[in-house]
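Peer 1: Got a predicted model here, sequence first, then my questions.
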Amino acid sequence: MSETTSVIDVCIAGTGSYVPERILTNAELAARVDTSDEWIVTRTGIRERRIAADGEFTSHMASKAAKRALEQAGLAPEDIELIIVATITPDTPTPATACYVQQQLGAVRAVAFDISAACSGFLYAMKISKRLISDGAFTNALIIGAEKLSTVTNWEDRSTCVLFGDGAGAAVLRRSEPGEGSIVATEMGTDGSLTGLLSIPGGGSACPITGSNINEHLHTLNMQGKEVFKVAVNRMREAAEKVIARAGWKPEDIACIIPHQANLRIIDAIADRLAVPNDRVFVNLDKYGNTSAAAVAIALDEANRTGAFKRGDHIVLVVFGAGLTWAAAAVRW
Ligand code: ACO
């Protein structure tokens, strides 16, 4: 599913992020399960991740990231008409985490709902909001990727527990004025035949968690990492290539690629296939691990605030996650 043109251009007017204070290092994990800092760094690039406090929910992290994005955009909560939270770890199955965020921010005019597209959720939310703004339905939107993956991690499974972390990232989208940036092209895709490669099998209507099955860890993330890895590289490359081509750009025109932060080897493979030098690819997974829907949003905010690109630059965001799902966006900043 793709789009290149719209009546009203939409820009990213502000970004924000938040990660919890608690740092969990590879060395600490190596004391719990049969792993090592060397294995984790070599196979993934991850050195540490953040873990939310017990009373700190997905909505709390989302609201903190959102406040920073609003501040940068120069907008008040009452200016926001749409809030979309992308998450696989909502505060509650219902109501949506976006409703808690609306209340926490005081964004009283906003329509609020969640989407579930795992690591791809933030870019799914970007495309949905862009379309709703460019169609004239809304003027200002807040999109947020937020996760408390520590609650759905099997801390006894070394093949997954070393990968995930908690955090939130947000962006304010609004109609762009002449001379401002715009979301130039977007791409989304899904392959439902591969649902089994990466899932939380329990806790839904197919397999409610009961007293007797709770010890089977059905409520935690299960992943066939090697198979996911291969599909991730191909789909992310294809999605990025599509938005770059639709935007009419060449690899040398791109100032910064901001990929999903799951594995440094995946990121390196994509940079290589897109012929974009590694110093133009933003990486922060060493500090936060894979925070699913939050990952690309946190990376976008850090890249923005550390000057990885400037006004007028061409940037490409590209993601991949459970579903399997993938998405990309070409943005003129
Ligand atoms: N420490 C030490 N050894 C380990 C660990 C660990 N933490 N985990 C696995 N191993 C062992 C395995 O048991 C295996 O041992 P064996 O050869 O004796 O059987 C060996 O290391 C190799 O295991 P692989 O799974 O083949 O390792 P691989 O190189 O594929 O790396 C990883 C695993 C990091 C998970 C990688 O496959 C990956 O990153 N996959 C993609 C993840 C991803 O992108 N997910 C998408 C988004 S997530 C979301 O949507 C929520």
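Peer 2: Perfect, I can see it now.

Peer 1: what about dumping the CA coordinates of the helix or strand hosting residue 318 to PDB?
Peer 2: In the assignment (DSSP states H and E), residue 318 maps to strand 314-321. Taking C-alpha atoms only, strand 314-321 is exported to PDB below (Å, rounded to 0.1, in the frame of the first residue of the first chain):
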ATOM      1  CA  HIS A 314      16.000  14.000   3.000                       C
ATOM      2  CA  ILE A 315      15.500  11.300   5.600                       C
ATOM      3  CA  VAL A 316      14.200   7.700   5.400                       C
ATOM      4  CA  LEU A 317      12.500   5.800   8.200                       C
ATOM      5  CA  VAL A 318      12.100   2.000   7.800                       C
ATOM      6  CA  VAL A 319      10.700  -0.600  10.200                       C
ATOM      7  CA  PHE A 320       9.800  -4.300  10.500                       C
ATOM      8  CA  GLY A 321       8.000  -6.300  13.100                       C
END
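
Peer 1: What residues of the longest helix seen in the chain count as buried?
Peer 2: Longest helix in the chain, counting residues (DSSP state H): helix 225-247. Within helix 225-247, the residues that count as buried by 16 or more other Cβ atoms under 10 Å are 225, 228-229, 231-233, 235-237, 239-244, 246-247. (Glycine included, C-beta is placed from N, CA and C.)

Peer 1: From the rest of the structure, what touches it?
Peer 2: By Cβ atoms under 8 Å, 6 or more residues apart in numbering, the residues outside helix 225-247 that reach it are 2, 4, 159-160, 184-187, 189, 191, 194, 197-198, 250-251, 254, 257, 259-260, 262-263, 265-266, 269-270, 273-274, 314, 316, 318-320, 324, 326-330, 332.

Peer 1: Then stretch 300-309?
Peer 2: By Cβ under 8 Å, 6+ apart, stretch 300-309 touches 12, 15-17, 65, 68-69, 169-171, 255-256, 258, 282, 284, 315, 317, 333.

Peer 1: Near the ligand, list only the ones from the buried residues of helix 225-247.
Peer 2: 225, 228-229, 232 (Cβ under 6 Å from any ligand atom).

Peer 1: tell me which of these is nearest to residue 180?
Peer 2: Nearest to residue 180 among these, counting by Cβ to Cβ, is residue 232 at 32.7 Å.

Peer 1: where's that closest one relative to residue 226, distance?
Peer 2: Residue 232 is 11 Å from residue 226, where distance means Cβ to Cβ, to the nearest Å.

Peer 1: Kindly report the same for residue 105.
Peer 2: From residue 105 to residue 226 the distance is 41 Å (Cβ to Cβ).

Peer 1: now residue 74
Peer 2: When distance is defined by Cβ to Cβ, residue 74 is 46 Å away from residue 226.

Peer 1: In which helix or strand does residue 269 reside?
Peer 2: Using DSSP H and E, residue 269 sits in helix 264-274.

Peer 1: Check the offset of that helix from the chain's centre.
Peer 2: In terms of Cα atoms, centre = their mean, to the nearest Å, the centre of helix 264-274 is set 18 Å apart from its chain centre.

Peer 1: Next: stretch 115-131.
Peer 2: The answer for stretch 115-131 is 9 Å, by Cα atoms, centre = their mean.

Peer 1: in it, what counts as buried?
Peer 2: Neighbour-count burial for stretch 115-131, counted by 16+ other Cβ under 10 Å, picks out 115-130.

Peer 1: Looking at those residues, which two lie furthest apart in space?
Peer 2: 118 and 130, at 20.1 Å, using Cβ to Cβ across the buried residues of stretch 115-131.

Peer 1: where does the stretch 1-150 of the chain come near the ligand, residue by residue?
Peer 2: Applying Cβ under 6 Å from any ligand atom, we find that the stretch 1-150 of the chain lies next to the ligand at 35, 39-40, 43-44, 118-119.

Peer 1: Closest to residue 24 out of the residues you listed?
Peer 2: residue 40 (11.4 Å).
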